[in-house]
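> prediction below, plus the sequence it came from.
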Amino acid sequence: MTVQSMIQYQLAAVAEQTIEMPLDAIILDVQCHQGRVTMWASATPGMRTVERTFYQIGATGKLPAKCGQYHGTVQVDDGIFVIHIFEENYNAKSN
């Protein structure tokens, strides 16, 4: 049995961001951690990677047509900003 590891990703303060992640990464949670939007995933160390694109949409923002999986909502700056995290639908590709 392969052992999974926890991986933490801090998202940049941008509307769209592509992150290289292990192919089997499963997004577990998204929260505001130490003032930054942070995402945690479980994955197998050393597995080949794929690029996955995430969108940070404001509380009144419009969803891009390519938005797929919803991963969570975070509040930053003591709730002044509410951000919804979505992932683009993707097909696994090797890098």
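Received, thanks.
> and the strands in this structure?
In chain order, the chain shows strands spanning 5-10, 16-22, 26-33, 36-43, 49-58, 67-76, 81-88, with DSSP state E as the criterion.
> show the average pLDDT along the first one.
Strand 5-10 comes out with an average pLDDT of 96.
> got the contact list for it?
Under the contact criterion Cβ atoms under 8 Å, 6 or more residues apart in numbering, strand 5-10 has outside partners 19, 21-22, 25, 28, 33, 36-45. For every residue, glycine as well, the C-beta is placed using N, CA and C.
> now do the last one
Around strand 81-88, the neighbours that count as contacts under Cβ under 8 Å, 6+ apart are 11, 27, 30, 37, 39, 52-59, 61, 63-64, 66-76.
> what's the answer for the fourth one, then?
Residues from elsewhere that reach strand 36-43 (Cβ under 8 Å, 6+ apart): 4-11, 13, 21-22, 24-32, 54, 56, 71, 74, 76, 83, 85.
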